[in-house]
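K.L.:
I need the structure of the sequence given here:
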Amino acid sequence: MDCVFCKIAKGEIPSKKAYEDDRVLAFYDLDPQAPVHILIIPKEHISSAAEITSENSGIVAHIFEVAAKLAEENQLTEGFRVVTNVGKDGGQSVPHLHFHLLGGRSMKWPPG
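P.N.:
Below you'll find the predicted structure:
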């Protein structure tokens, strides 16, 4: 499999890490859309949220725990956004489940 996020998780491609444990990696986005823009990925390859099952859904809870920890560490006390995109039409650019933690500015809806 030629997955860029799997390569980042294995350390084959360098990243600026924000957090890492045995299940997830969080790293700073190369094209930040907010003052704080961190990607949180499972180390296990899951293509998207469309592939979440009862067997692997625990990773999503863990990712949200990590997002809360990172938000606190980055003083996002006024709020933050956690986003995942699914599929081409949903705006997913890398076919590996990932969540964007965005903060440090006021978020608009629709996103911008």
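K.L.:
Now do the helices in the protein.
P.N.:
4-9, 58-73 (DSSP state H).
K.L.:
Make JSON lines from those and add mean neighbour count to it.
P.N.:
Backbone N, C-alpha and C define where each C-beta goes, glycine included. JSON lines is the format used below for the helices of the chain (neighbours: other C-beta atoms under 10 Å):
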{"stretch": "helix 4-9", "mean neighbour count": "18"}
{"stretch": "helix 58-73", "mean neighbour count": "16"}
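K.L.:
V36 is nearest to which of these?
P.N.:
Among the helices of the chain, helix 58-73 comes nearest to V36, with 8.1 Å by C-beta to C-beta.
K.L.:
picking up where we left off before, for I41, which of the helices of the chain is the nearest?
P.N.:
For the helices of the chain, the distance to I41 is smallest for helix 4-9, at 5.1 Å, taking C-beta to C-beta.
K.L.:
hang on, the earlier thing: distance to M107 and mean pLDDT for the helices of the chain - can I get that in TSV?
P.N.:
Output for these, formatted as TSV (distance: least, C-beta to C-beta, whole Å; pLDDT from 0 to 100):
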stretch	distance to M107	mean pLDDT
helix 4-9	24	96
helix 58-73	13	98
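K.L.:
For R23, which of those helices is the nearest?
P.N.:
Evaluated over the helices of the chain, closeness to R23 peaks at helix 58-73, with 5.8 Å, by C-beta to C-beta.
K.L.:
re the thing from before, tell me which of the helices of the chain approaches H98 most closely.
P.N.:
Distance to H98, taken as C-beta to C-beta, is lowest for helix 4-9 among the helices of the chain, at 6.3 Å.
K.L.:
ok, back up a step: any chance of the helices of the chain in TSV, with distance to V94 too?
P.N.:
TSV is the format used below for these (distance: least, C-beta to C-beta, whole Å):
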stretch	distance to V94
helix 4-9	6
helix 58-73	15
